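J.: Okay, sequence plus prediction incoming.
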Amino acid sequence: MSGKLVKWSIELGEYDVKYETRPAIKSQVLTDFMEDNTPTECMDEDSSENEKGLWKLSVDGSSYIFGSGAGLVLTSSDGWTLKYALRFGFKVTSNKAKWEALIAGLVIAKHLEVQKLEAFSDSQLVVVLVSGEYEAREDTMVKYLAHVQSLKSAFQVFRVLKVPRTENARAH
């Protein structure tokens, strides 16, 4: 092994390449990388009939020391767009803010009598719980999921898809 390292050192020496060790990376960086680079679900070609009248909802929530809030972008099948910025009057974690954003978007879509809705979130937690891939165990998550499930029944077509954070910039 040391022979290979010496060979590479000689080969790369002429390019003035310097190796620097990196300090430890926080686990959140790896989590963010995985979240941003997870492929989104592909849609079937047969679903074109279901796509007529499909509204799109992009949601994002965040929490900071100074407060918390959410961003929503609701786009009709005709391209008509509604943008909302919400500021919560209560303290929540970032995960809870993302749930609140989805719930607010579903309530707005329900009041607009939207029948077919596709929601996009950059929260892996929200997407896997709503889609049923994972089971909610924490009491708060169980309550949020139950609320979303009750709102979900107002739509003929409803799905939540994971998008990378970079593709969710309008809601962010």
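T.: Arrived safely, thanks for sending. Small disclaimer: the values here were computed from a predicted structure and weren't measured. Numbers count the residues shown, from 1 in each chain.
J.: going forward, measure contacts and count neighbours with C-alpha atoms only.
T.: Noted.
J.: can you map out the strands along this protein?
T.: 54-64, 67-75, 81-88, 116-121, 157-162 (DSSP state E).
J.: Tell me where the protein is predicted with low confidence.
T.: Scanning the chain for pLDDT under 70 picks out the ranges 1-2, 16-50, 168-172.
J.: Centroid-nearest residue for it?
T.: Asp122 (1.2 Å; CA atoms, centre = their mean).
J.: these two touch, right, it and Leu102?
T.: No. Asp122 is beyond contact range of Leu102, at 11.1 Å (criterion: CA atoms under 8 Å).
J.: So for these two, which residues contact both of them?
T.: Asp60 (CA atoms under 8 Å, 6 or more residues apart in numbering).
J.: Can you point out the buried residues in stretch 75-82?
T.: Neighbour-count burial for stretch 75-82 flags 75-76 (criterion: 16 or more other CA atoms under 10 Å).
J.: Now Val73. Nearest residue, chain neighbours left out?
T.: Spatial nearest neighbour of Val73, excluding adjacent residues (CA to CA, 6 or more residues apart in numbering): Lys83 at 4.6 Å.
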